[in-house]
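Peer 1: Model the following, please.
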Amino acid sequence: MLPERERPTASVAHDAADAVTELYRGHALGLMRLALMMVGDRGTAEDVVQDAFAGLYKRWSRLNDRDKALTYVRSAVLNGSRTALRRRRRPLRAVHAAPVWSAEAAAMVGEDRREVMDALHRLPHRQREALVLRFFADLSVEEIAAAMRVSTGTVKSTTSRALAALGRILEVEQ
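Peer 2: Okay, the predicted model is just below:
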């Protein structure tokens, strides 16, 4: 049990619940899609997003800048996705067969994009993250740097290398 001074008051807990619920309603679907792009299966993606929001709720009273709560959750989704991929016996990027897509995921990316998705999952995780955040989530270089916890220069060079690698993968498959 937490000491008296560390226990959240009822109003702080209520504020946290309201704020996290509002953030969830506005951004859960997009974060779910982000996680799905990173890990490749719906169940794991849902778990990653739920864990990220649960972590935000738990740490709400200790957030220094609550305006950056979305950045915190986005980073937590990326970290959770990395952890999920590490826990797999065979990460998606090491699998040469096409990943198994749920019906929802297949509809989401469309038949014509499946090749790109397969190639994307062969990239190293940092390169995949940079591309997904840039072209799927449509984030700025600064927002990507905050989410990935790297410098803007690293984002730019990683994105450039990832695009080149993706092009090579797709060219070989043609």
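
Peer 1: Now tell me which helix or strand of this structure has the poorest mean pLDDT.
Peer 2: The weakest-scoring helix or strand in the chain, judged by mean pLDDT, DSSP states H and E, is helix 103-109 (a mean of 59).

Peer 1: show me where pLDDT drops low in this protein?
Peer 2: Applying pLDDT under 70 to the chain picks out residues 1-14, 89-112, 173-174.

Peer 1: what do you get if the cut-off is 50, keeping everything else the same?
Peer 2: 1-2, 5-7, 91-98 (pLDDT under 50).

Peer 1: The helix ranked longest in it: which residues count as buried?
Peer 2: Ranked by number of residues, the top helix in the chain under DSSP state H is helix 10-39. Neighbour counts over helix 10-39 (16 or more other C-beta atoms under 10 Å) mark 16, 19-20, 23-24, 27-28, 30-39 as buried. Yep, even glycine has a C-beta here, placed from its N, CA and C like the rest.

Peer 1: sorry, back to before: so after the least confident helix or strand of the chain, what's the next helix or strand?
Peer 2: helix 114-120 (DSSP states H and E).

Peer 1: Tell me which other helices or strands that next one touches.
Peer 2: For helix 114-120, the packing partners by 3 or more C-beta pairs under 8 Å, 6 or more residues apart in numbering; DSSP states H and E come out as helix 152-173.

Peer 1: Need the residues that contact the helix it packs on.
Peer 2: 115-116, 119-120, 122-123, 126-128, 130-131, 134, 141-142, 144-145, 148, 150 (C-beta atoms under 8 Å, 6 or more residues apart in numbering).

Peer 1: Now the buried members of these.
Peer 2: Among the contacts of helix 152-173, the ones that count as buried by 16+ other C-beta under 10 Å are 119-120, 122-123, 126-128, 130-131, 134, 141, 144-145, 148, 150.

Peer 1: Let's see which of these end up in strands.
Peer 2: Per DSSP state E, strands hold no members of the buried ones among the contacts of helix 152-173.

Peer 1: In helices, which of those residues appear?
Peer 2: Using DSSP H, those in helices are Ala119, Leu120, Arg126, Gln127, Arg128, Ala130, Leu131, Val141, Ile144, Ala145, Met148.

Peer 1: Switch these over to a markdown table; also include distance to Gly80.
Peer 2: Output for those, formatted as a markdown table (distance: C-beta to C-beta, whole Å):
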| residue | distance to Gly80 |
| --- | --- |
| Ala119 | 23 |
| Leu120 | 18 |
| Arg126 | 15 |
| Gln127 | 18 |
| Arg128 | 14 |
| Ala130 | 17 |
| Leu131 | 18 |
| Val141 | 23 |
| Ile144 | 17 |
| Ala145 | 19 |
| Met148 | 14 |
